[in-house]
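Q: I'd like to go over a predicted model; first the sequence, then the structure.
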Amino acid sequence: MTLHISHDHEAVIAPFDPHFLQLFPHGVRLNWGGKDVYAMRHGDEETRMLRNLGLPVPAPIMEYYDFPSADGKRPFGKQILTAASMTLYPSSFVLNGMGTGKTKACLWSFDYLRKTKRAKRMLVVAPVSTLEFTWAREAFQTFPGMKVVILYGTADKRKKLLAQEADIYVINHDGVKVVFNELMARPDIDVICFDEAAAYRNSRAARSKIAQKLCRGRKYIWGMTGSPTPSAPTDAFGLARLVTPLTAPSSFTHFRQEVMLQVDRFKWVPKKNSAATVAELLRPSVRFTLDEIVELPPVIVRDIQVPLGKEQRATYKDMFEKASTALKEGTITAVNGGVKYSKLLQASIGWVYGDDDRKVIHLDNEARLEALLDIVEGAENKVIIFSPFKSATSGVSAMLKREKIDYAEVTGDTPQGERAKIFAQFQNGEKLRVLNAHPECMSHGLTLTAADTVVWFGPVTKLETYEQANARITRIGQTRKQQIIRFISTPAERIAYQRLSMRQSLQDNILGILAELTANGAD
């Protein structure tokens, strides 16, 4: 006999096992159709125990929950399995890739726990860019009757907002410390979801220590991130200390020795078995990629060679020669090397910051701006433009305004409320054709499938930012082929995109990059 689920009685009926009498004393032994069986409550705890005995019992949420949706569509099977993991294991990780519907899975899980009287309120800790447009919007669309409060603004404003009655409170990572005492005084907030939990990979950071204290005594702690180890395998240590502290290693030094190999005084590289060690540490967890959830149209990456202006070429050559000389003389360090490499990228793009006064010098980058204009005007659908420097973002906005193109600009200076309005208008309205942004402001959680083209006006140096920013258009709901267009004018940019394509963060090896540039020359 196989397992049988009785929906009328919310019970599991399984072939009798003597262990059941001790494990499930409130169950009932029956003769059912001439077979010796045992009927027991089908709850989360019982499911975990039966699974430990090797029985493939489905999570209760899969059997008794209706998974409401704004569009009436049934969730993807992998989303249901994600919610099953979150509700079965009070402290667990969701490591699903970008665009896989983690937000909805979290909301369904919380709603299920509320309806079954196991949870009262949830706190979501997420990046600033996702507070309103992603979390509040998704909650309103899926659960119109659920009250969501965004804890953002001055300290007094946050405290007043937290005092309001709500089902879900949403706050940014660094906002937790502002209302920490008030949150600690709220035991009714018994579910905490850390979105983009990799922000806590440094367990010794003040942000992480505060979050660890906040988690103590809560019923459910969920850590969600598609990139648990964006810099190194040791990033997993901080996540484990936050979500599953009882099973986390007690020493960072010991864990580093497990997953990393020291090759010189300052450099560590991952061991061959580090991925398996990290996977074992970040348990219980669920992990699905976007391809496993839904088949999306293909993504095409195009590199466009853009000529430099005379001023750009001269400025780039001068900066290159200074960096090369410093490298050869041994006077360059990782810190000032990063500054010199950033200067090379600025010259390549066309706006360079002064050394002392931070005044922006605009070089003759007309060819790059014209190439961008050609793409925007030739695009059939909406376009997102990413620039790694605010100076470039401002310069591109000036060009778009001059050409009378409907656009919106988003940088770190854009207020949170205004950002949410811009994202909503871009995704759902007809007016905005272009979103011109600094990628750090849009690298997590946003669904912007109204666009099918991303233009990198210049490269970033952080792999996580690059991948997350591209993923804004490659998400569930995308129906068109997408293209990622990258502008290249110099070897500094070329090597940046090469490293990013190979999934390497440039920040980890600036001196090696400068050495490679020096060996190959300025052109």
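A: Happy to help now that I have it.
Q: for the helix or strand residue 517 falls within, packing partners?
A: Assigning secondary structure by DSSP states H and E places residue 517 in helix 510-520. Packing contacts for helix 510-520, counted by 3 or more Cβ pairs under 8 Å, 6 or more residues apart in numbering; DSSP states H and E, involve helix 310-329, helix 334-349, helix 491-501. C-beta: built from backbone N, CA, C; applies to glycine.
Q: Run the angle between it and helix 334-349 for me.
A: Relative orientation of helix 510-520 and helix 334-349, computed by axes from the mean of the first three to the mean of the last three Cα atoms, to 10 degrees: 50 degrees.
Q: let's number from 12 now, not from 1
A: In the new count, where the first residue is 12, that last one comes out as helix 521-531.
Q: Which residues does helix 521-531 contact?
A: Contact with helix 521-531 is made by 331, 334-335, 338-339, 343-345, 348-349, 351-352, 355, 502-503, 506-507, 510, 517, as judged by Cβ atoms under 8 Å, 6 or more residues apart in numbering.
Q: how does it look with 6 Å?
A: Here helix 521-531 makes contact (Cβ atoms under 6 Å, 6 or more residues apart in numbering) with 334, 335, 338, 345, 348, 349, 352, 502, 506.
Q: State the number of residues packed around the fifth one.
A: Residues near residue 348, counting by other Cβ atoms under 10 Å, number 20.
Q: Give the full set of residues in contact with it.
A: 521, 522, 525.
Q: and these, which are buried?
A: Burial by neighbour count, 16 or more other Cβ atoms under 10 Å: within the contacts of residue 348 this picks out 521, 525.
Q: After the helix or strand bottoming out on mean pLDDT in the chain, which helix or strand is next?
A: Here the helix or strand of the chain ranked lowest by mean pLDDT, DSSP states H and E is helix 301-304, holding a mean of 67. Going down the chain from helix 301-304, the next helix or strand is strand 310-316, by DSSP H and E.
Q: and that next one, how far out from the chain's middle?
A: Its chain's average C-alpha position is 24 Å from that of strand 310-316, according to Cα atoms, centre = their mean, to the nearest Å.
Q: what about the residue lying closest to residue 201 once chain neighbours are set aside, distance to residue 100?
A: Ranked by Cβ to Cβ, 6 or more residues apart in numbering and with sequence neighbours excluded, the top spatial neighbour of residue 201 is residue 230, at 4.2 Å. Counting by Cβ to Cβ, to the nearest Å, the separation of residue 230 from residue 100 is 12 Å.
Q: Which one's more surrounded, those two?
A: Set side by side, residue 230 and residue 100 show more neighbours around residue 100, with 20 against 15, by other Cβ under 10 Å.
Q: Now do the contacts for that one.
A: residue 295.
Q: If we use 10 Å, what do you get?
A: Listed by Cβ atoms under 10 Å, 6 or more residues apart in numbering, the contact set of residue 100 reads 55, 59, 70, 231, 232, 233, 255, 294, 295, 296, 297.
Q: so what's residue 495 scoring on pLDDT?
A: Note on residue 495: pLDDT of 94.
Q: Could I get the phi/psi values of it?
A: phi -110, psi 110 (degrees, to the nearest 10).
Q: does it really touch residue 313, like I thought?
A: Yes - the pair residue 495 / residue 313 is scored as a contact, 7.2 Å apart, by Cβ atoms under 10 Å.
Q: More neighbours: which of the two?
A: Shown here are residue 495 and residue 313; by other Cβ under 10 Å, residue 495 has more neighbours (20 against 11).
Q: Return the residues in contact with that one.
A: Neighbouring residues of residue 495 by Cβ under 10 Å, 6+ apart: 310-314, 395, 397, 464-467, 477, 480-481, 484-485.
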